[in-house]
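# Curious how this folds, go ahead:
(chains A and B)
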2 protein chains.
Amino acid sequence: MTVMVGNAKEANNFAGGRKQRDVAAYSVLQSSRLDHIPPLPSVFHSPFQVSYGPATSAAGNPEEIQKLFPNLYGQPHVELVPSAKPTFTEKKLKVGVVLSGGQAPGGHNVIAGIYDYLQEHAAGSILYGFQGGPAGIMKCKYVEITADFLYPYRNQGGFDIICSGRDKIETPDQFKQAMDTVNKLDLDGLVVIGGDDSNTNACLLAECFRANKVKTHVIGCPKTIDGDLKSKHVPISFGFDTACKIYAEMIGNVMVDARSTGKYYHFVRLMGRAASHITLECALQTHPNIAVIGEEVALHQQTLRQVVNTITDLVCKRAEQGKHYGVILIPEGLIDFIPEIQHLIAELNEILATSTCDPEGHWKHKLTPPSRALFDLLPHSIQEELLLERDPHGNVQVARIETEKMLITMVEAELGQRKHESSYSGNFTGISHFFGYEGRCGMPTNFDATYCYALGFAAGALLQSGHSGLIASVGNLTAPSTEWTVGGTALTELMDVERRKGKNKPVIKKAMVELEGAPFLKFASVRDNWALEDSYRSPGPIQFLGPTADETNCTLQLELGAVAA
Amino acid sequence: MTVMVGNAKEANNFAGGRKQRDVAAYSVLQSSRLDHIPPLPSVFHSPFQVSYGPATSAAGNPEEIQKLFPNLYGQPHVELVPSAKPTFTEKKLKVGVVLSGGQAPGGHNVIAGIYDYLQEHAAGSILYGFQGGPAGIMKCKYVEITADFLYPYRNQGGFDIICSGRDKIETPDQFKQAMDTVNKLDLDGLVVIGGDDSNTNACLLAECFRANKVKTHVIGCPKTIDGDLKSKHVPISFGFDTACKIYAEMIGNVMVDARSTGKYYHFVRLMGRAASHITLECALQTHPNIAVIGEEVALHQQTLRQVVNTITDLVCKRAEQGKHYGVILIPEGLIDFIPEIQHLIAELNEILATSTCDPEGHWKHKLTPPSRALFDLLPHSIQEELLLERDPHGNVQVARIETEKMLITMVEAELGQRKHESSYSGNFTGISHFFGYEGRCGMPTNFDATYCYALGFAAGALLQSGHSGLIASVGNLTAPSTEWTVGGTALTELMDVERRKGKNKPVIKKAMVELEGAPFLKFASVRDNWALEDSYRSPGPIQFLGPTADETNCTLQLELGAVAA
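Sure, this is the predicted structure:
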């Protein structure tokens, strides 16, 4: 292992005392996964060349996107296809890789894929890992990734091989720092593994490098457990499959418990702030009594009271059947989807920015009547969270709000009312769960391990064939992995512009749950049945061998099935 | 499927609208487990007979136990050994089975074991399942368990085949009801699957039946995920293995996240109220920075302040190494182990029974000075839980206290103080978890599936050979399952007496974590290393195939290893 550090002091700060993993401490399963070699798409089994599609446009405002990316706009989709003999010169490459944003299972395998591709197709190439996310690029903090350095991370969860970070490369100074780094390291390529924001950033870097005649090419890779980065040629982001299966295992267990015990309602909040893909996928895997899909709540402009009543109605109906138990799934971002709560929070941010809240509650008079009514409806503990949990900018920290507990308290209150009115006579005990961190760093499923390894190979091939500003694209994912397609798609094709602070900002739009898409339609067609009948389904723990080892997930199967239909 | 119900109305109430499981809704893994046949100990491969050990005594106060169980006391340990030809008459038996107390993975397989034993060795026998726990015996609510009825539950988690309950058979009237039921059904045997209390109850039933010349024999089976029911011949209770592996999977994932992110301290509270076996086992499987073992806290009469300081000291030491993250395991029952908290709660129960707590806090003057000081030390939210969360008897509900959040708040406060004194300069963010319900109803591991099936066979054999008042005992569990020993141990041997309300009550003593036992000594020998170095270990998801499928757990391996040494 060779560690090269541009800035020794800061590298120590970064490393946080962390050493490379010691495989001697590994569990038997961890060790057994080290030597698992994910099967490659068959295009990599023999020589290949590049085939191009037609020129591309943008997800919205193509003229604006073209202005923002004059050097990259319109690049065609690239696909690797077999060729009679090797196409690319096997000249050694210098490549950097960076992990950006939150953890997702499989990140280590993308790096392994890049490394192995370079060894196989451009022997003697060098791979650097920037440490601690994009800050590592700006500060030139990196390690050289060698076979020995990489080995302990193969098919393992986490991002700790080089760690990640949430910094962005935004200001002219920061772009300058990035150029200095890639010039100093003489990089031919840079692979950015990240979500929508990070891939937007990757595209800006690619444009900047090209505009400034810097030779470094930039390729993105689609990462996020939330599943909200996808497009025509990027069927799924990595990590979604593993995270959902981990959550679904736990949900399935809790369902069996609910049914056995017969006296608890489990309210399960699931990670995934912006979109409800995780909740929808977990619902499809486990068949809960209710799964709240944020996008649907938003479409129907539902109030919090309506969400609470929907749940309460179900509790009452089940009580009539003698059932005093159930399982309810809630997306982490539910609050962001309810317009009236957004208004309340905006008003609170405004009020609390200029005054403190007097204990007598006079400050409440500054709220508009609807917001005041909503505030008074909220359980005491949630009122406190809204008033006390604020970020350094004085804003309410929505992510800290325990939505599942809020709903339990409100359903309890509503049931109390109905009991009083004699329209309900059951027993209700709510138990709250939040499944989040447990899923972000699990051991990748066979699917994620294989998908990520292929993404790494794709990124390597795209760099070797001289491309920049593309996101690695691996398709046909419901077929056996040997039949997967491999290529790259213009990042500009995923982009639209947003107006921020008077400027046009390019953004990759988050892919929300489509209410007309196959996964939601499937869910909508069966959920009434799930509500009253117990159709609970236990996916059980992720398996690496046996009949379930190579299962994908419901969302992917339904989406790709729909495309084919 | 034949359902026979002694009391139709109540049976409907019990069933709570629940129907038998529908295997058509099963996941692929659930389906694949249905046809898994757990391998039996080899003694069942050919004819066997019974071999007896010497007469037994009791765990304490043998004279008192003998007085309480005059018809059962002193029975020798029974072991099945091969014989040249079949020993027992294959007369048909009528047997009842009941699940008692909290869920534990594997319960369905005990029932499958009893059923299959009877079919194989006493064809034409009938097995009844009492519904909803011991109440099902008292109220004569049962179903006949047939091959078809049983099939959907083979190797599946949960207790929902007949559900469980927490009632006890205690009063003379209730014993009378039980006798009426077993007489009415003409039962030759009754198998009670439960924890320490339920097995105590099983022994009282066995004594009652024998004293009253009721022909029904009673056999117990050791169930509890807490792992606190064990003795010389009962090396482990079923469910412990699966539950710990599920928790350890999640803990391992959270560890990878902590290490990758580098900025969170995860405080994980683990189910297991009375004893800390689960926390110890999970620690041995995952190597956390701290695992608090309740029995050790109790031995050293630690105060809450001392527990908080131990954690805070570690956070400071790790901060000096640049590490601002970690994972800390806490047993659910921690509060029960801290003497000063017990005193405070006792005083609160006393005070709140006779008065309400005035908002001005005058009531606090009724606390003794040490309790007053401790109360003031507690975070506001915990003070509220202590004052507000009370059971119908007015007692504080200790189980509802979120110990992990309490510790985070207190560590935070202490770190704030040290920052103020300049002895700490790091960043601390605590994240709380409670892993409980997720583990109680998981799909049983191969170990639990096989162990439970063998326990069921053992119970069947003990009944067929005419025994009563024994607990099924399957030993040599670290060897391949074909080499496991099978027999039964006198329940009276596990008993001691406790003085309750002026009477001697027989009790099976809970097996606490032995601070001189091999598992704790192993932990104690390595924990200083784990505290500062990151020796995190990810067991990963439970596997049913491959190199880890037949692993047992650390506690069992260390305890059985120690016995052999």
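# got the phi/psi numbers for the closest residue to residue A:205 other than its chain neighbours?
In space, residue A:205 comes closest to residue A:218 once its chain neighbours are excluded; the distance is 5.0 Å by CB to CB, 6 or more residues apart in numbering or on different chains. Heads up, the C-betas are built off the backbone N, CA and C, glycines and all. As for residue A:218, its main-chain torsions (degrees, to the nearest 10) stand at phi -120, psi 130.
# Show me the beta-bridge partners of residue A:218.
Applying DSSP bridges to residue A:218 gives these bridge partners: residue A:190.
# Next up, the contacts around it.
By CB atoms under 8 Å, 6 or more residues apart in numbering or on different chains, the contact set of residue A:218 is A:189-192, A:202-203, A:205-206, A:209, A:468-469.
# Please apply the same query to residue A:99.
Counting by CB under 8 Å, 6+ apart, residue A:99 has contacts A:107, A:133, A:159, A:162-164, A:193-194, A:223.
# Against chain B, which of those make the cut? List them.
A:159, A:163-164 (CB under 8 Å from any CB of the partner chain).
# and residue A:76, how many neighbours?
For residue A:76, the count of nearby residues is 16 (other CB atoms under 10 Å in any protein chain shown).
# for chain A, which spans come out with low pLDDT?
Scanning chain A with the threshold set as pLDDT under 70 gives A:1-18, A:389, A:392-394, A:562-565.
# Mind naming the longest helix for it?
When chain A is parsed with DSSP state H, its longest helix is helix A:240-261.
# Name every strand pairing with the helix or strand just after that one and say which way it goes.
Downstream of helix A:240-261, the next assigned helix or strand under DSSP states H and E is strand A:265-270. Its sheet considered, strand A:265-270 pairs with strand A:326-331 (parallel), strand A:430-435 (parallel) by DSSP bridges.
# distance between the last one and the chain's centre?
Right, strand A:430-435. 21 Å (CA atoms, centre = their mean, to the nearest Å).
# Check the first one too.
The gap between where strand A:326-331 is centred and where its chain is centred comes out at 20 Å by CA atoms, centre = their mean.
# which secondary structure elements does the helix or strand following it contact?
Sequence-wise, the next helix or strand downstream of strand A:326-331 (DSSP H and E) is helix A:334-337. In terms of contacts (3 or more CB pairs under 8 Å, 6 or more residues apart in numbering or on different chains; DSSP states H and E), helix A:334-337 is packed against helix A:294-299, helix A:339-354.
# looking at those helices, which is buried most?
Of the helices and strands packed on helix A:334-337, the one with the most neighbours on average (mean count of other CB atoms under 10 Å in any protein chain shown) is helix A:294-299, at a mean of 19.
# what are the C-alpha coordinates of that one, in PDB please?
Coordinates of each C-alpha in helix A:294-299 appear next as PDB, following Å, rounded to 0.1, in the frame of the first residue of the first chain:
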ATOM      1  CA  GLY A 294     -45.400  11.500  -0.200                       C
ATOM      2  CA  GLU A 295     -45.900  12.300  -3.900                       C
ATOM      3  CA  GLU A 296     -49.600  11.300  -3.600                       C
ATOM      4  CA  VAL A 297     -50.100  13.400  -0.500                       C
ATOM      5  CA  ALA A 298     -48.600  16.300  -2.400                       C
ATOM      6  CA  LEU A 299     -50.700  15.800  -5.500                       C
END
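# Check chain A and tell me which residue is nearest its centre.
residue A:224 (2.3 Å; CA atoms, centre = their mean).
# what about residue A:302, which helix or strand?
Applying DSSP H and E, one finds residue A:302 in no helix or strand.
# Just give me the neighbour total for the residue nearest to it when sequence neighbours are not counted.
Distances taken as CB to CB, 6+ apart place residue A:338 nearest to residue A:302, at 6.5 Å, with adjacent residues excluded. Number of residues near residue A:338 (other CB under 10 Å) recorded here: 21.
# Kindly report the same for residue A:479.
Neighbours of residue A:479 using other CB under 10 Å come to 12.
# same question, residue A:419
14.
# same question, residue A:302
19.
# ditto for the one 4 residues further on
Neighbouring residues of residue A:306 were enumerated by other CB under 10 Å; the total is 14.
# quick check, distance from the host helix or strand of it to the centre of its chain.
Using DSSP H and E, residue A:306 maps to helix A:304-320. Computed by CA atoms, centre = their mean, the chain-centroid distance of helix A:304-320 equals 31 Å.
# helices or strands up against it?
Using 3+ CB pairs under 8 Å, 6+ apart as the test, helix A:304-320 ends up in contact with strand A:290-291, strand A:326-331, helix A:369-377, helix A:403-420, helix A:518-532.
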